Each structure stands twice: as C-alpha cells, then as structure tokens.
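Asker: Compute the structure for the input listed below.
(one chain, ligands or ions: 1)
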Amino acid sequence: MLYENLGINDQGHLTVGGLDTVQLAEEFGAPLYVLDEDRLRANCQTYVQSMAAWMPADSMPLFAGKALCFKGLYPVLKEEGMGADVVSPGEIYTALAGGFPAEKLYFHGNNKTDEDIAYALDSGVGCFIVDNHQELAALNRAAGVRGIRQRVLLRVTPGIDPHTLQAINTGRIDCQFGVPIETGQAARFAAAALTMEHLEIEGFHSHIGSQIFEAEPFCEAVDILLDFAASLRQEYGFVARTLNLGGGFGVRYQACDPVVDIPGTIRALADHLTRGCQDKDYPLPRILLEPGRSIVADAGLTLYRVGGVKTIEGYRSYVTVNGGMTDNPRYALYQSPYTVLPASRMMDTPDFDCTLAGRCCESGDLIQENISLPRPERDDLVAVLTTGAYNFTMASNYNRLCRPALVMIRQGNARLAVRRQTFEDLIACDL
Ligand code: LLP
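Answerer: Here you go, the predicted model:
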C-alpha cells in the first residue's frame, strides 16, 4: 500500500484510518472526499516539531489554504500550532469562521483589490505578502486611514527552477508573481517599501515551485535571498527579521515517487541558513514555510462508483465513474499521476487494463489512463488516492454536478465536515 493508514479488511475492502471505505460510501454517498485527520495532524506535527527543533526561534509552518480550505479544517490547524497562508477574502472568511486567529494569517495574492485590502485590515490579518508596487501604495494608504502600521513581507522571485537547479532561469523570473531579484527590480521594490510610513517591512517571501523532493532548491533560494538581504542592509541599513520560503514539498502520488524526508530537509535547510548568515554576519532571521500539498494530499482519497465499462475494440477500455474533472481536474489539467484502487474488490486480480473516465461532457475528462483493475462491474467502488490537495479546492459545478461531501476520519470515527451539494445549492444564486 502507498501509505500505512490504508489497509484491506477480511471482506476484501480498502480501509482508511481503520474504516471500511465501502461502508463510508454507503453511509455518506459517492463520490466522496475522505480525509484522514490523524494523518493530517501527523503531517502538521512533522513541520511544527522539526521547525521548532532546528530553525531559529518563532519559525513556523503556514498551511497553504489553496490546497484545501473548508471551515472545519481550521480548528485542526489551530490546535496543531500552524499558521495559515490565505490568498483571498474568501479564504480569510473561511479561516475566521473556523475560529482561526487572524494574527496567524498571512495574506497572499497578486491582485488584492482595495476591497480585499480593507477586508483583510479590518479582520486583523497578521501579515500581508505584498506582490507589487501598486499594492504597496494601496496598502500603505489603507493602513494610514486606519491609523495602523501593517506588517508586511515583500514577494520576490529568486529565479530558480527547482527541477533543473539552474540558478538563473528566465522562465522562472518571467512570471506574474512577485518582483525579480535578478533584474534589479526587487531592490527598487524594497527601497520603495521602506519609504512607506504605514508599513512595517519584516522581510521577504519567495515560492520556487511544487513537487520538490530535495533540500537543494530551497538552499539555493536561501543563498539568493541572503545575498539580496545583505545588499539591502548595506544600502539602507534594513535587516530582514523573516524569510518566508514558500511551499512546494513533494508528495507520493504513486509508488515510484520518492519519499520526502521532511525533518531531514528542514534540518539541512536550517544548517544552510545558519552557515549563510554566519558567512555574511547577518542576524539569523526566523523562517516561515508554506506547505500545502504535503500537509493534506496523502491524508485524502476520493471514492467513486463505477457506472459503465466500455471497450472500444482495437483501442482501449473506459471505466466511467460518477464524478470526474468536476471533483478532480488535475489529470485533465496537468496529466497528474494517481494511484487507483478497486476499493470494494481488493483481493481480486487487477487484470483489466483501462482508462478511468469521469462523467462530464468532455473527452478530456479522465481521472487516470493506463491503469489495471479487476474487471469492473457497475456499482463497484473505486478509490483514487492522494486527492487531499487541490481537488476539493479546484472543484467546479460543470454540467451542474453537485460537489461531493467531505468526511473526516479521526481515531476510527467518521464525521461529515462538508455536506454534499443539493440541487437547491446549484440554483441558490440564480435569480
Ligand atoms: N505558497 C505559495 C506562494 C504558493 O504559490 C503555493 C502553491 C504554496 C505556498 C503551496 O505549495 P505546495 O506546498 O502545495 O506545493 N493547482 C496545482 C498547484 C498550484 C500551486 C500553486 N502555489 C496542482 O494541483 O498541482
């Protein structure tokens, strides 16, 4: 099995967190998002404890809500000592509705409108991650009107491609997020920020990418950020108290994917930072990380019922399920690999090669190609693993399909955390 929270019971059913997936689908319906809260909490603890052990004081992981966001998640994050990265007023609203402390929210986004800024300031969001000059000016104005000094990090792009390890990669500099260091623009951005009366510049933020399996790209980012910080200190006497290195730690979608040693990576990163600061005689900044995928992906799976089985003679066989790109658009968008299991027939031989297709009116609506299942029958239950990240949050109502329910499992008990949409929900905004 891909993860140790999965098992097979004597009826040949897949279990998750000790619970029978066939029973879960009977009780809560399918498609169904299942989230193993115990595993999610353990993933949080890996970050919280490793950062407390190795990184400078006050370092903290911020959960990136873009990966998963619903009200009931935030009490869990709060209990586990996480901060949170939010990217929209909707995410802020959800976090606050879940009782999450506003001061532990870090507000991202490359186009925060004046309304967004006002909402976040009035909600008491702890820190803004400012993306561009226009936002800097707008935030300074809005903070001034309220008579406050808002804590801020500046988003800069170090120009690293985490998958080629090239230090300077124009592809990475050329993006709509943040301000590039390499071109000299980030220095001018920081200089402008330091003149803003109502902003307290705490440091810098960079996010180098996704599905990163080693420490090296993060270390490269630290080197570039420290060089940048040191040159600013020389020019303006400004010292960064915080470096936010973004998210991007990889997860295993398939057995062939490597396991990321998160504590080892955090320790390596901390050692690298300490050495870098010593070399430059720079005061050790606290570190923020923004893991999304690596907190929730492997805590989630999706259950579907099989509908049809169709063999296109001379080509391939399609197995259709009662969900699809509406609850998981990641194969359609990125050809993302997934592990698919025959949840109701785990003991049967998987000798039927097929493509798992969704039910949407779109030929690209595939969940996975080139998989093998026991020859499926209508109403068989199929599980797609590692769907905890970027599935629920990227879902849509295409074809007016109702979004699935989400069930959380804790210590052998299942509870509904998000109910399934109804037809009434579908027309709730229609006038
Ligand atoms: N921080 C920032 C500024 C980010 O842009 C992201 C992800 C994260 C943190 C979290 O990264 P993670 O630890 O989850 O890799 N929809 C795509 C993923 C887009 C990620 C965008 N930014 C997918 O389904 O793979």
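Asker: Around the ligand, which positions in this protein sit nearby?
Answerer: Contacts of the chain with the ligand, taken as CB under 6 Å from any ligand atom, map to 64, 66-67, 85, 108, 207, 210, 246-249, 290-294, 330, 389-390. Every C-beta, even on glycine, is put in place using the N, C-alpha and C of the backbone.
Asker: if you set the cut-off to 8 Å instead, what comes out?
Answerer: Residues of the chain found near the ligand (CB under 8 Å from any ligand atom) are 64, 66-67, 85, 87, 108, 129, 155, 177, 205, 207, 209-212, 246-250, 290-295, 297, 330, 333-334, 336, 389-390, 394.
Asker: any weak-confidence spans in the stretch 151-300 of the chain?
Answerer: Scanning the stretch 151-300 of the chain for pLDDT under 70 picks out the ranges 164-171.
Asker: Which residue ranges of it form helices?
Answerer: In the stretch 151-300 of the chain, the helices defined using DSSP state H, counting those that start in this stretch lie at 170-173, 185-194, 216-236, 262-280, 293-296.
Asker: what's the most buried one of these?
Answerer: With neighbours taken as mean count of other CB atoms under 10 Å, those reach their highest mean count in helix 293-296, at a mean of 27.
Asker: that's a helix at residue 141, yeah?
Answerer: Yes. Assignment of residue 141 by DSSP: H, G, I helix; E, B strand; the rest coil places it within a helix.
Asker: And it, how far from residue 121?
Answerer: Distance, residue 141 to residue 121, using CB to CB, to the nearest Å: 11 Å.
Asker: who has more neighbours, the two?
Answerer: More crowded of residue 141 and residue 121, by other CB atoms under 10 Å: residue 121, with 18 against 14.
Asker: Check which helix or strand the more buried one maps to.
Answerer: Residue 121 is part of helix 114-123 when elements are defined by DSSP states H and E.
Asker: Just the residues contacting that helix, thanks.
Answerer: For helix 114-123, contacts defined as CB atoms under 8 Å, 6 or more residues apart in numbering pick out 88-89, 92, 96, 102, 105, 107, 109, 112, 128, 135, 138-139, 142-143, 146, 148, 150.
Asker: Let's see that with 10 Å instead.
Answerer: Contact with helix 114-123 is made by 86-90, 92-93, 95-96, 102, 105, 107, 109, 112-113, 125-128, 135, 138-139, 141-143, 145-146, 148, 150, as judged by CB atoms under 10 Å, 6 or more residues apart in numbering.
Asker: C-terminal to it, what's the next element?
Answerer: strand 127-130.
Asker: For that next one, output the C-alpha coordinates as PDB.
Answerer: Output of strand 127-130 as PDB, limited to C-alpha atoms (Å, rounded to 0.1, in the frame of the first residue of the first chain):
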ATOM      1  CA  CYS A 127       0.800  39.900   7.700                       C
ATOM      2  CA  PHE A 128       0.400  40.900   4.100                       C
ATOM      3  CA  ILE A 129       2.700  39.400   1.500                       C
ATOM      4  CA  VAL A 130       2.900  42.300  -1.000                       C
END
